[in-house]
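*Asks:* Okay, predicted coordinates and the sequence, questions at the end:
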Amino acid sequence: MPDVLMPRLSDTMSEGILVQWLKHEGDQVQRGDVLAEIETDKATMELEAYDTGVLTRIIANPGTTVPIGQPIAVIGDGSVDSEPPATTPSTGDGATNRPSSPPVGTSPLARSMARKHGLDMASIVGTGPGGRIVRADVEAAIAARPGASRPASPSVAAIPAAPAVRPVPVSAHTQDDLQVPLSSIRRITAQRLTESAAAPHFYLTSVVDAEALLALRTQLNDQLPDLGSKVSVTDLLIRACAVVLRAHPEVNSSWGGDHLVRHARINVGYAVALHDGLIVPVIRDADRKSITEIATAAHELTERARSGNLTPDQFSGGTFTISNLGMYGIDHFTAVINPPEAGILAVGAARAEAVVRNGQLAAGITMKLTLAIDHRVLDGGAAAAFLHDLVGLIEVPLRVLA
C-alpha cells in the first residue's frame, strides 16, 4: 500500500499544514486527482495523488503540521487485505482514534485560543469552509460559557478572520495580551531574515533623475491600451536591472560556501507584501523579455501571490531582487538580501525636486535607489559600477526597450 507523504512544495519548505482533505476515506482515487490542500511557507497548494486506488486511511487531520516526507494518508486497492491495522504505535487503541467521518479542520489560531481557555475543540461548532473551526467560533464558545463577559463587539460575525492590531492593555490585571500564532509564511520569513543576517551587507545609495522614466511609462500606457495591465515603475526597473545584470554578471551571483555561483540566467524577483508576510515572485529570463511581457507576467504573478496560488517555480530560482516601497511614500530604505542572492535594490518614492541639468537648475523628479550587496560575493567597486550603469540606464530609459 503506497503511503501519501507530505511533499516538498517549495525550495524553503521544511513542513506543511494540512488545510483540508478534498477526498474522504473510502473514496476512489485516480492518479492526478487532488487529494488535499497544503499550506506551505509561501502559499496554499493542491496535493495530487501519485497512485490509483482507494483512500483507505487519513493519518493527518486538517490543521496538523507535518514534516516533509512523513505519511499523511494511505492509498490501497480497496480490498479487505489492504486495509491498514486499526492501531498505530503512537495512538494506542486505534478503534477510538479512527474517525467515522471526515475530520473537521481548525485554524492554528483557533487551536491556540481554545487551549488557552481550556475548551474542548470537539464541543465547538465550526462555521468556516467545510465546517472548519475558525477564530470567531472559539470566541463565540468562550463568550457562551457561564459567567463569561459579553464581547465588546455587537456581533461575533463582525470580527475579522485575520488577527487585528489590538491596543496595549492599560493594566495587566484587566486584559490579557493576545498571543498570535505564527503563520507558515511569517515563520519562514523570520527564518530567511535570520539567514540573511549571516551575510555581511554593505549599502550604496544613488539619487536618480526619474523624470524620463516616468514619462516613458506614461507613453507606453497611452500607446498600449490593450495590454490588459498598466506598465508599472517596478516593471521598468525589472527590465533595467536585467539589462545591467547582463553587463555585470558578477552581481548576478551567489555565495556557495567555498565557491561563487555565477548564474547563467537572469531571474529578477520583486517583493510583494502580503497580510502576514511577503513573497518574491520571479520573472525568469527578464533580460530576454520585452517590457510588455514583463508587465503582463508581473501582473499575473502578483494576483496569484495575493490569492495564495503561486506554484514553486514562480517564487524560486531568483538571482536578484527589487523591493519597491515608493508607492507607500517611503523616500529611502535599506532592504535585506534574499539569500542565496548577492544583491537587492531598494526603491524609494519619486519626488518633485530641483535638479541640475546641463549646469542649469531645473524642476525634476528624483528617486533614491539603495543597493544592498553580500560582501562575500563582490566588493564596493564592482557594486558601484553596477549601480552607476543602472542609474545611467534609468535616466536614458529608451535603452530599456532595446
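*Replies:* That came through fine.
*Asks:* can I assume Val207 is in contact with Thr366?
*Replies:* Yes - counting by C-beta atoms under 8 Å, Val207 does reach Thr366; the two are 5.3 Å apart. Every residue, glycine included, has its C-beta placed from N, CA and C.
*Asks:* who's more crowded, these two?
*Replies:* More neighbours surround Thr366 than the other of Val207 and Thr366, with 18 against 15 (other C-beta atoms under 10 Å).
*Asks:* Touching, the more buried one and Ala210? I think so.
*Replies:* Yes - in terms of C-beta under 8 Å, Thr366 counts as a neighbour of Ala210; the distance is 6.1 Å.
*Asks:* hey, what's in contact with both of those two?
*Replies:* Contact with both Thr366 and Ala210 is made by residues Ala350, according to C-beta atoms under 8 Å, 6 or more residues apart in numbering.
*Asks:* Report how many residues lie close to the spatially closest residue to Thr56 that is not a sequence neighbour.
*Replies:* Nearest non-adjacent residue to Thr56, counting by C-beta to C-beta, 6 or more residues apart in numbering: Gly76, 4.0 Å away. Neighbours of Gly76 under the rule other C-beta under 10 Å: 19.
*Asks:* and if you look at Ile59?
*Replies:* 17.
*Asks:* can you tell me which residues contact it?
*Replies:* Ile59 makes contacts with 71-74, as judged by C-beta under 8 Å, 6+ apart.
*Asks:* try 6 Å
*Replies:* Counting by C-beta atoms under 6 Å, 6 or more residues apart in numbering, Ile59 touches 71-73.
*Asks:* For Val29, state which of those is nearest.
*Replies:* Of all these, Ala73 has the smallest distance to Val29: 9.5 Å, by C-beta to C-beta.
*Asks:* What is the neighbour count of the residue nearest to the closest one when sequence neighbours are not counted?
*Replies:* Spatial nearest neighbour of Ala73, chain neighbours left out: Val4 (4.0 Å); criterion: C-beta to C-beta, 6+ apart. Per other C-beta under 10 Å, the neighbour tally for Val4 reads 22.
*Asks:* now the helix or strand containing Val4: how far from the chain's centre is it?
*Replies:* Val4 is located in strand 3-5, with elements delineated by DSSP states H and E. Distance of strand 3-5 from the chain centroid (C-alpha atoms, centre = their mean, to the nearest Å) equals 26 Å.
*Asks:* Check which helices and strands it sits against.
*Replies:* Where contact means 3 or more C-beta pairs under 6 Å, 6 or more residues apart in numbering; DSSP states H and E, strand 3-5 is packed against strand 71-76.
*Asks:* Average pLDDT for the strand it packs on, rounded please.
*Replies:* For strand 71-76, the mean per-residue pLDDT is 92.
*Asks:* How about stretch 198-213?
*Replies:* 93.
*Asks:* end to end, how far does that stretch reach?
*Replies:* Start and end residues of stretch 198-213 are separated by 35 Å (C-alpha to C-alpha, to the nearest Å).
*Asks:* contacting residues around that stretch?
*Replies:* 334, 337, 350, 355, 364-375, 383-384, 387, 391, 394-395, 397.
*Asks:* What separation do you get for the residue nearest to Ala73 and Met13?
*Replies:* Distance, Val4 to Met13, by C-beta to C-beta, to the nearest Å: 16 Å.
*Asks:* repeat for Glu211
*Replies:* Glu211 sits 44 Å away from Met13, going by C-beta to C-beta.
*Asks:* Could I get the buried residue list for stretch 351-364?
*Replies:* 355, 364 (16 or more other C-beta atoms under 10 Å).
*Asks:* can you tell me the average pLDDT over the stretch of helix or strand Met45 belongs to?
*Replies:* Element membership of Met45 [criterion: DSSP H and E] is strand 44-48. Mean per-residue pLDDT for strand 44-48: 83.
*Asks:* tell me which residues of that strand are tucked away?
*Replies:* Buried, per 16+ other C-beta under 10 Å, within strand 44-48: 44-45, 47.
*Asks:* from the middle of its chain, how far away would that strand be?
*Replies:* Centre-to-centre, strand 44-48 and its host chain are 15 Å apart (C-alpha atoms, centre = their mean).
*Asks:* do the same with stretch 48-60
*Replies:* Counting by C-alpha atoms, centre = their mean, stretch 48-60 comes out at 28 Å from the chain centroid.
*Asks:* and Asp235, how many residues sit next to it?
*Replies:* Using other C-beta under 10 Å, Asp235 has 26 other residues around it.
*Asks:* give me every residue that touches it.
*Replies:* Residues in contact with Asp235 (C-beta under 6 Å, 6+ apart) are 294-295, 298.
*Asks:* Against Ile373, how distant is the residue nearest to Thr56?
*Replies:* Distance of Gly76 to Ile373, given as C-beta to C-beta: 54 Å.
*Asks:* what does Asp137 give?
*Replies:* Asp137 is 49 Å from Ile373, by C-beta to C-beta.
*Asks:* Check which helix or strand the nearest residue to His388 once chain neighbours are set aside maps to.
*Replies:* Excluding its sequence neighbours, the residue lying closest to His388 (C-beta to C-beta, 6+ apart) is Ser206, at 7.6 Å. Assigned by DSSP H and E, Ser206 belongs to strand 201-209.
*Asks:* So which bits of that strand are buried?
*Replies:* Buried positions in strand 201-209, judged by neighbour count with 16+ other C-beta under 10 Å: 201, 208-209.
*Asks:* for this protein, what spans make up the helices?
*Replies:* Under the criterion DSSP state H, the chain contains helices at 94-97, 108-116, 135-144, 184-197, 211-223, 233-247, 291-306, 380-395.
*Asks:* Can you say which of those is nearest to Ala342?
*Replies:* helix 380-395 (9.1 Å).
*Asks:* Tell me, how many residues neighbour Leu325?
*Replies:* Neighbours of Leu325 (other C-beta under 10 Å): 17.
*Asks:* Rebuild the contacts of Asp235 as CSV, extending it with distance to His24, neighbour count and pLDDT.
*Replies:* Formatted as CSV, those follow (distance: C-beta to C-beta, whole Å; neighbours: other C-beta atoms under 10 Å; pLDDT from 0 to 100):
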residue, distance to His24, neighbour count, pLDDT
Ile294, 44, 24, 95
Ala295, 43, 27, 94
Ala298, 39, 22, 95
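*Asks:* which one of those is nearest Gly326?
*Replies:* Checking the contacts of Asp235 one by one against Gly326 (C-beta to C-beta), the nearest turns out to be Ala298, at 15.5 Å.
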